[in-house]
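Visitor: What shape does this take:
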Amino acid sequence: MGRTTSTPILLVFCLFLSLLSKAQDGEAIFKSTCAACHTTTTKRLVGPGLANIQDKVSLEWFTKFVRSSQTLIRSGDAEAVRIFEEYNKVIMPDHALSDAEINSVFEYIKSKSPAKSEVTAQESVEEEEVVVPFEPTESDIAMGQDLFSGEQRFENGGPSCISCHNLATDRIIPGGLLAKDLTTVFSRMGGDAGIAAILNAPPFPAMTEAYKNKSIAKDEIFAVTAFLDQVEKESGTESATAISPLLIYGFIAFLIWVGVVLLVWLHRKKYAVNKRIFERQVKSY
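Guide: Prediction:
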C-alpha cells in the first residue's frame, strides 16, 4: 500500500523538478538573449513588451520569429511585417536555439506575465512614467568619442566600437566594415534607451562574445550614446546612402597603382635583342 501511494507523489515531484528546471533555463536564456530589447511586461524597449505572449501568437509562430524574423517578414506574414514597421525596421538578430530552449523562454514569459486584469493598470502607469531628458554635456560627447575610437580604453577591457563599426563623420578615422554602419543608430534604436539596452546586454552573437566578462560601465554607455547622438545630428544623411571612406581610399589607391604600372610599362623594351640583331643581318645582305 505504501509503495502504491509513494509512486504518484514521486511522479508529481519529478514533474515539478522538470518544470522548475525548464523555467530556470528559460529565465537564463531570456536574460542573456532577449532582455536587451524586450521585457516580460507591456513596457517597450527596442522591441515590444512580451507580456502574455501566449494570447497574441502561437508557439510555432514565436519559434519561427526567434530563429529568423527576416525570413518570416519576407514571407509576407502580416504580424511580423507589422512589428517590423512599428519598431523602426530594427532587424532582430537570428537565434540558433533548439525547440526546447525556445519553448522554455516562451513558458518563462508566460510565467512572468502580469494577469490580464493588471495589464491595463500597468499600461497606465507606464504612460505616466516621467521621461528623463537625455541631456549629455560636451565632456560626455568627448568621452564617448574617445571610447568609440579606441583613444580611451573601456574600464573592463572591452574592444573599441571602431573595430567593427563605421561612422560617417569627420570626428574620427574610418571604422571597420564587419558590422552595421552606426551613423543613424541613435534614431533607429529609438533613442538613448534603445542603445543603452543593447550596450548593457548585447543580443548579437559576435558582440556578446566580444564583451563576455567585459561589461561596459553605465557612465561609458551614457558617453558612447551621447557621441552617437551627436554624430547623427551632425551627419544630416542616412548611413544607408553614405559611401564608406574606406571604399573611397581603396579606389584612390587602386588608381595610383594602375598609374605606376602604366609608367613602368611605357619604359619597357618594345622588342627583343634578337630581333634587332636579325634586322642588322638582313640589311647587310
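Visitor: which residues touch the closest residue to Lys112 other than its chain neighbours?
Guide: Nearest non-adjacent residue to Lys112, counting by Cβ to Cβ, 6 or more residues apart in numbering: Thr40, 3.9 Å away. Where C-beta positions appear, they are placed from N, C-alpha and C, glycine not excepted. With contacts defined as Cβ atoms under 8 Å, 6 or more residues apart in numbering, Thr40 is in contact with Phe30, Gly49, Leu50, Ala51, Tyr108, Ile109, Lys112, Ser113.
Visitor: Go ahead and confirm Glu234 touches Leu167.
Guide: No: look at Glu234 against Leu167 with Cβ atoms under 8 Å: they stay out of range, at 10.0 Å.
Visitor: neighbour-wise, which of the two wins?
Guide: Leu167 (28 against 13; other Cβ atoms under 10 Å).
Visitor: correct me, but that one touches Leu182?
Guide: Yes: counting by Cβ under 8 Å, Leu182 is a contact partner of Leu167 at 5.7 Å.
Visitor: Between those two, which contacts overlap?
Guide: Residues within reach of Leu167 and of Leu182 at once, by Cβ under 8 Å, 6+ apart, are Leu228, Val231.
Visitor: and stretch 141-160, average pLDDT?
Guide: Mean pLDDT, computed over stretch 141-160, is 96.
Visitor: Only alpha carbons, please: show it as CSV.
Guide: Extracted C-alpha coordinates of stretch 141-160, given in CSV (Å, rounded to 0.1, in the frame of the first residue of the first chain):
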residue,chain,number,x,y,z
ILE,A,141,30.4,63.5,-26.0
ALA,A,142,34.2,63.8,-26.0
MET,A,143,34.5,60.8,-23.7
GLY,A,144,32.2,58.8,-25.9
GLN,A,145,34.2,59.7,-29.0
ASP,A,146,37.4,58.5,-27.3
LEU,A,147,35.8,55.3,-26.2
PHE,A,148,34.3,54.6,-29.7
SER,A,149,37.6,55.3,-31.5
GLY,A,150,39.8,53.5,-29.0
GLU,A,151,41.6,56.6,-27.8
GLN,A,152,40.3,55.6,-24.4
ARG,A,153,40.0,52.0,-23.3
PHE,A,154,36.8,50.7,-21.7
GLU,A,155,37.1,50.2,-18.0
ASN,A,156,36.6,46.4,-18.2
GLY,A,157,38.8,45.9,-21.3
GLY,A,158,36.2,45.5,-24.0
PRO,A,159,37.2,46.2,-27.6
SER,A,160,36.6,49.7,-29.1
